[in-house]
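A.B. asks: Here is a sequence together with a model predicted from it:
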Amino acid sequence: MRILISNVTYLESAVSQDSLNPVDIGIEDGKISFIQEHLPSRDQKTHLKEAAWDRVIEGRGRLALPGLVNAHTHLGMTLLRGYGDDLPLMVWLQEKMWPIEDQLTEKDVYWSSLLAIGEMLRGGITTCADMYFHMGATAKAVAEAGIRASLTRGVQDVGGSGLRGLEEAIGFCQKWQGAANGRITTMLGAHAPYTCTPGLLRKVADWANRLGVPIHTHVAETSTEVHQIKEQYGVTPLGMLAGNGVLDVPVTAVHCVHLEEDDLELATQRGVRVVHCPGSNMKLGSGIAPLPEMLATGLIVGLGTDSAASNNKLDLWEEMRLASLIHKANMQDATVIPAVTALKMATCHGAAALHLDKVGKLAPGWVADLVLVNTEGLHWQPPSNPQASIVYAGGRNDVSLVMVDGCIVYDQGELLTIDEDEVIYHVKKIAHRLGLL
Ligand SMILES: [Zn+2]
C-alpha cells in the first residue's frame, strides 16, 4: 500500500517546533519513505502525482503526530472497568481483581482485548504494552485489529502458579515474537517483587536472557510494597530485582512510585526503562512517582494508562496532561515536565521504554505509525504552540485518522478493523455472566 499525505503540518518527534510548514509525507511498505516540503506545484513532480499512489489524503487542517504509545496496560481487564473502584491497590487486587480474574476464559480476554484496542486506536494509540494471561487470545486480537503491541504473559507465584505460568510465557514468546509483520513483540513478565519469589525471578531472568527478550515488571508501586519487601529481604523492591538477576537483561519497570535515592542510581546504572502511570497511581492512592528526579538522572520514561480497572480510561492524552500537571503542583514549580517532555514520553520515549526500534517518530525509515489530529476546533485556536495545545488543550476526540504499520485503521469516526457493535454485544454478555451487570 502506498499512501501520500499531502499538505499537512507535522511534529517530527515532538522535540522541535520548527516543522510547521506544510509537508508531504510518503508512506510505502509500512514505512515512512519521505517527508518533504509541500509545494503547490507538486503535480509536476512525477513521484507526487496522484496516480502514483493507492491513496492520497488531503492534510490541510490536520497535524500529523507519531502514533501514541501506551507503554503499560492490561487489555484483559478492560471488562472490569468500573468494578472495584475507590479502593487501595492491595484491597483492590486481593478482594476484587484476583477472585474475578479466576473466572475469565480465553474468549473473555479476546473480547476484552478488542474492546481495549478499539478504544485506544480511536484515541490515537498505535502501540501498547500488555501484561496479562490468556495472552494467545490477546495476540489474536492484536493481529486482527492492526495495533502494534509488546505482549507479556505475566507470571507470579500467588497460588503456586509460577512455574506453570513461566512455561506458558516462554512458549508464548517463541510462538509470537515478530508475528503480524513484526507488529507483535514479546517480553517475559515478572508481575512484581511482592508476588514473585526470588527463585522465580531468577528463572525469569535466565529465560529472558536465553530468549533475547526484555522483562516487563511492576516495581515499587506502593509504600506498602516497599515496607513488605524491605522487611522480608532487607532491600528495596528494585534492589530485590537486581539481586536476582532481573536487571541483567533489558527491563521495563512500571510505576517506580517509591524509588529511593540509591534506586535511582541503580536504575540509571543498569539502563532500566521506566513507565509512569499517573492516572492509575492517583486513582489507587499509590502516590506520585519522582518523575522530575528520574528524568534528571537521564532515565528514559514512557507513559502508561495501566488497566481500565484502575484508571478507568485508556487515554494517553489524559496521561500526558496529568504527567505534566501533577508534578508542577507537587513540586510547586511550573517549569517541571513541560508539554514537550510529556509529548516525548507519549511517543518516542514510550517506544524506547518498550525497547522498540524505529517506532515513535515521524522520520524516513521509521515505521508508519501516525495520527492525524484535527486542529480546526475552537480549543486549538490560535495555533501558536502545537505542543502545548496537544498536552493542555487537545484530547482524543480530535483524532481524525490513525495509521499503524502503513495501514489505515481508523478514519473519520470509523474503526476499519473492528466491528464495534459485535464487541459491545460480547462484552455485555460476558459482563452479565460474571455478575458485573
Ligand atoms: Zn499494571
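C.D. replies: Everything's here; your move. Numbering: from 1, shown residues only.
A.B. asks: what sits against the residue most central in space within the chain?
C.D. replies: Nearest to the mean C-alpha position of the chain, counting by Cα atoms, centre = their mean, stands residue 70 at 1.6 Å. Residues near residue 70 by Cβ atoms under 8 Å, 6 or more residues apart in numbering: 120, 125, 127, 128, 129, 303, 304, 305, 314, 316, 350. Quick note: C-beta positions are derived from backbone N, CA and C, even for glycine.
A.B. asks: Enumerate every residue touching the fifth one.
C.D. replies: The neighbourhood of residue 129, defined by Cβ under 8 Å, 6+ apart, consists of 70-73, 149-152, 187, 216, 252, 275, 304, 354.
A.B. asks: which parts of the helix or strand of the chain with the lowest mean pLDDT are buried?
C.D. replies: Sorting the helices and strands of the chain by mean pLDDT, DSSP states H and E puts helix 89-91 at the bottom, at a mean of 89. Residues of helix 89-91 classed as buried: residue 89 (neighbour count, 16 or more other Cβ atoms under 10 Å).
A.B. asks: Which elements pack onto the next helix or strand after it?
C.D. replies: Next helix or strand after helix 89-91 toward the C-terminus (DSSP states H and E): helix 98-101. Using 3 or more Cβ pairs under 8 Å, 6 or more residues apart in numbering; DSSP states H and E, no helix or strand is in contact with helix 98-101.
A.B. asks: next SSE after helix 98-101?
C.D. replies: helix 106-122.
A.B. asks: Rounded mean pLDDT for that next one, please.
C.D. replies: For helix 106-122, mean pLDDT rounds to 98.
A.B. asks: do stretch 249-269 as well
C.D. replies: pLDDT averaged over stretch 249-269 gives 97.
A.B. asks: Need the distance between the two termini of it.
C.D. replies: Stretch 249-269 has an end-to-end distance of 13 Å (Cα to Cα, to the nearest Å).
A.B. asks: ok, and for it, which residues are buried?
C.D. replies: Buried residues in stretch 249-269 (16+ other Cβ under 10 Å): 249-260, 263-264, 266-267.
A.B. asks: and residue 434, what does it touch?
C.D. replies: 79, 100, 103, 108.
A.B. asks: where does the closest residue to the last one other than its chain neighbours sit relative to residue 112, distance-wise?
C.D. replies: Excluding the flanking residues, the one nearest residue 108 by Cβ to Cβ, 6 or more residues apart in numbering is residue 430, at 5.1 Å. Taking Cβ to Cβ, to the nearest Å as the measure, residue 430 falls 8 Å from residue 112.
A.B. asks: if we can go back for a sec, which stretch of helix or strand covers the residue nearest to residue 108?
C.D. replies: helix 420-433.
A.B. asks: Output that helix as PDB, nothing but the C-alphas.
C.D. replies: What follows is helix 420-433, C-alpha atoms only, in PDB (Å, rounded to 0.1, in the frame of the first residue of the first chain):
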ATOM      1  CA  GLU A 420     -17.700  -2.200  17.400                       C
ATOM      2  CA  ASP A 421     -21.300  -3.500  17.700                       C
ATOM      3  CA  GLU A 422     -20.100  -7.100  17.800                       C
ATOM      4  CA  VAL A 423     -17.500  -6.200  20.500                       C
ATOM      5  CA  ILE A 424     -20.100  -4.400  22.700                       C
ATOM      6  CA  TYR A 425     -22.500  -7.300  22.300                       C
ATOM      7  CA  HIS A 426     -20.000  -9.900  23.500                       C
ATOM      8  CA  VAL A 427     -18.600  -7.600  26.300                       C
ATOM      9  CA  LYS A 428     -22.100  -7.100  27.700                       C
ATOM     10  CA  LYS A 429     -22.800 -10.800  27.500                       C
ATOM     11  CA  ILE A 430     -19.600 -11.700  29.400                       C
ATOM     12  CA  ALA A 431     -20.300  -8.900  32.000                       C
ATOM     13  CA  HIS A 432     -23.700 -10.500  32.600                       C
ATOM     14  CA  ARG A 433     -22.200 -13.900  33.100                       C
END
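A.B. asks: Rounded mean pLDDT for it, please.
C.D. replies: Rounded mean pLDDT across helix 420-433 is 97.
A.B. asks: so what does it touch, helix or strand wise?
C.D. replies: helix 106-122.
A.B. asks: Report the next helix or strand after the helix it packs on in sequence order.
C.D. replies: Note on helix 106-122: by DSSP H and E, the next helix or strand toward the C-terminus is strand 125-132.
A.B. asks: Now do that following strand and helix 106-122, the angle between them.
C.D. replies: Angle between the axes of strand 125-132 and helix 106-122 is 150 degrees (criterion: axes from the mean of the first three to the mean of the last three Cα atoms, to 10 degrees).
A.B. asks: got the angle for whichever helix or strand comes after strand 125-132 vs helix 420-433?
C.D. replies: Next helix or strand after strand 125-132 toward the C-terminus (DSSP H and E): helix 135-145. Per the same axes, to 10 degrees, the angle that helix 135-145 makes with helix 420-433 is 160 degrees.
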